[in-house]
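**Student:** Just need the structure, nothing else, for what follows:
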Amino acid sequence: MPLERGQHQALCARVEGFYELSEGLFELVFDLGQAKHGAEWNRRRVVKEANLRPFSYYHWITGSREPASNVMTRKDYLNDPTTALAKLEEDIQSLAKLYRQLQTL
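**Tutor:** Residues are numbered from 1 along each chain as shown. Next comes the predicted model:
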């Protein structure tokens, strides 16, 4: 869905939607991983297996002009929505790929 310049509300709505989707996928992957691997499957392992990178990585890659201190936590995604979309899109793809891999085990 293309966005017109200056439509900040639409951009924020997309960030919120991607955030909810990534959180839901993370929980699905976590639950499926625990069912398949038991107690050895934890949140850190999900992050490692899916190769999820920190927000600071995308802040640097996208060349964001937003001060890094404004985007320290996941709650700050709306302070830098363009960078947040880049991270969340990659997170969703990585988590979906890991979910498919876990299903085939």
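**Student:** for the protein, what spans make up the strands?
**Tutor:** With DSSP state E as the criterion, the chain has no strands.
**Student:** which other residues reach the lowest-mean-pLDDT helix or strand in the chain?
**Tutor:** Across the helices and strands of the chain, mean confidence by mean pLDDT, DSSP states H and E is lowest for helix 55-61: a mean of 88. Under the criterion C-beta atoms under 8 Å, 6 or more residues apart in numbering, residues 64, 66, 68, 71, 74, 76-77, 80, 83-84, 86-87, 90 lie in contact with helix 55-61. Backbone N, C-alpha and C define where each C-beta goes, glycine included.
**Student:** do the same with stretch 72-83
**Tutor:** 8, 11-12, 14-16, 19, 55, 58-59, 62, 64, 66, 70-71, 84, 88.
**Student:** give me that answer again for 7 Å
**Tutor:** For stretch 72-83, contacts defined as C-beta atoms under 7 Å, 6 or more residues apart in numbering pick out 11, 12, 15, 19, 58, 59, 62, 64, 66, 70, 71, 84.
**Student:** For the residues you listed, give me CSV that also has distance to residue 33.
**Tutor:** CSV is the format used below for the contacts of stretch 72-83 (distance: C-beta to C-beta, whole Å):
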residue, distance to residue 33
11, 32
12, 31
15, 26
19, 21
58, 24
59, 28
62, 30
64, 32
66, 33
70, 33
71, 28
84, 25
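**Student:** What about those, which one has the most neighbours?
**Tutor:** Neighbour counts for these were taken using other C-beta atoms under 10 Å; the highest belongs to residue 84, with 27 neighbours.
**Student:** tell me, which helix in this protein spans the most residues?
**Tutor:** Of all segments of type helix in the chain, defined using DSSP state H, the longest is helix 8-37.
**Student:** Could you pull out the buried residues of that helix?
**Tutor:** Residues 11, 14-15, 18-19, 21-22, 25-26, 29-30, 32-33 are the ones in helix 8-37 that count as buried (16 or more other C-beta atoms under 10 Å).
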